[in-house]
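Engineer: Sequence plus predicted model, see below.
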Amino acid sequence: MTLKTTTRLDARALADIVLRPIVTEKATIQLEDNKYVFDVVPSATKPDIKAAIEQLFSVKVVKVNTHNPPQKSRRIGKFAGRRAQRKRAIVTLAEGDSIVLFPEV
C-alpha cells in the first residue's frame, strides 16, 4: 500500500511556507544527523512543510517534526507586548541528500 501525500496548497504557495533556516549551535550540531531546522508559518502542516522543502531544495524528506515555542513577552518603554508567534520544523533528509546553507563564494 502506498501513501499519497496531498497538500492543500499549490506549488507557488509552498515557497511561502518556509520563512528562514535556523542557524544556532544546536541546529548546527543536528546537521551531522542530516537534520535541518526552519522557521515556518504557524498554519503549516507537516505534509505542507515536507512538500515545500522537497520542492525548494530538490531533496527527499524522510521525517518532519514540528513544535511551537512559547511566545516571549517584550517591553519597550511603557508598551508591553509579545513577539510574533512562529513554528519550528526539524526536517530529516534521506541518506545522501543535503541542503547548502552556507554557499561557497
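Structural biologist: Happy to help now that I have it. Residues are numbered from 1 along each chain as shown.
Engineer: Work out which residue lies at the spatial centre of this structure.
Structural biologist: Phe38 (3.0 Å; CA atoms, centre = their mean).
Engineer: Please, which helix or strand holds the residue nearest to Arg86 when sequence neighbours are not counted?
Structural biologist: For Arg86, ignoring the flanking residues on the chain, the nearest one in space by CB to CB, 6 or more residues apart in numbering is Asp39 at 5.2 Å. Bear in mind the C-beta positions are built from the backbone N, C-alpha and C, glycine included. In this assignment (DSSP states H and E), Asp39 forms part of strand 35-40.
Engineer: Give the other helices and strands that that strand contacts.
Structural biologist: strand 18-21, helix 25-30, helix 46-57, strand 87-93 (3 or more CB pairs under 8 Å, 6 or more residues apart in numbering; DSSP states H and E).
Engineer: do that again at 10 Å, thanks
Structural biologist: strand 18-21, helix 25-30, helix 46-57, strand 61-67, strand 87-93 (3 or more CB pairs under 10 Å, 6 or more residues apart in numbering; DSSP states H and E).
Engineer: Now mean pLDDT, distance to Arg12 and mean neighbour count too, for these, in CSV please.
Structural biologist: Putting the helices and strands packed on strand 35-40 into CSV (pLDDT from 0 to 100; distance: least, CB to CB, whole Å; neighbours: other CB atoms under 10 Å) gives the following:
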stretch, mean pLDDT, distance to Arg12, mean neighbour count
strand 18-21, 93, 13, 14
helix 25-30, 95, 28, 12
helix 46-57, 94, 10, 20
strand 61-67, 96, 19, 15
strand 87-93, 96, 20, 20
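Engineer: okay if I get the ones you listed as JSON lines plus distance to Leu101?
Structural biologist: Putting those into JSON lines (distance: least, CB to CB, whole Å) gives the following:
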{"stretch": "strand 18-21", "distance to Leu101": "6"}
{"stretch": "helix 25-30", "distance to Leu101": "9"}
{"stretch": "helix 46-57", "distance to Leu101": "10"}
{"stretch": "strand 61-67", "distance to Leu101": "16"}
{"stretch": "strand 87-93", "distance to Leu101": "12"}
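Engineer: how much space between the residue in the chain sticking out farthest from the centre and Ala51?
Structural biologist: Outermost residue of the chain with respect to the C-alpha centroid, by CA atoms, centre = their mean, is Lys78; its distance is 34.3 Å. Using CB to CB, to the nearest Å, we find Lys78 at a distance of 44 Å from Ala51.
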